[in-house]
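Asks: no sequence on hand, only this structure:
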């Protein structure tokens, strides 16, 4: 017996099922705009001096870096921020006009219950680590 019409519709149904199941389990990552506000919150928890502004985000120009750490997956957002120099006057921090541009990497760990975010400063060294580098997500 030959059932070409039902066989092809069954194939389409199976493909559609896989596509829908994949979209249900896909992680919805915040975009850079939302992560800028998160960066400000996390920064204030870790550092006593606030940065003035975000000069640039998405430093590599490729989106969000998918990166495997020792035992979990991280999504890395990159920023360039301006941090003013400060001076202590009579037990107060006084900001100066001059400052320094600093590369900031905001790690997002969606699988964690607590402390889903970490901040690291300095060079974007994860770009050179090809063993743990899993690709980019455009955002």
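Replies: Okay, I see it. Fair warning: this is a prediction, and the values are worked out from it, not measured in the lab.
Asks: C-alpha from now on. contacts and neighbour counts both.
Replies: Will do.
Asks: helices or strands up against whichever strand or helix holds residue 86?
Replies: Using DSSP states H and E, residue 86 falls within strand 73-89. Helices and strands touching strand 73-89, by 3 or more Cα pairs under 8 Å, 6 or more residues apart in numbering; DSSP states H and E, are strand 53-57, strand 64-68, strand 92-108.
Asks: give me the sheet partners of that strand and which way each runs.
Replies: strand 53-57 (antiparallel), strand 64-68 (antiparallel), strand 92-108 (antiparallel) (DSSP bridges).
Asks: list the buried residues for it?
Replies: By neighbour count on 16 or more other Cα atoms under 10 Å, the buried set for strand 73-89 is 73-84.
Asks: how far off centre is that strand?
Replies: Taking the mean of its C-alpha atoms, strand 73-89 sits 15 Å from the chain's own mean (Cα atoms, centre = their mean, to the nearest Å).
Asks: average model confidence for stretch 113-127?
Replies: Across stretch 113-127, pLDDT averages out at 84.
Asks: in it, what's buried?
Replies: Those would be 117-119, 124, 126, for stretch 113-127 by 16+ other Cα under 10 Å.
Asks: now swap in stretch 42-50 and tell me
Replies: Taking 16+ other Cα under 10 Å as the criterion, stretch 42-50 shows 42-43 as buried.
Asks: fine, thanks again, bye for now.
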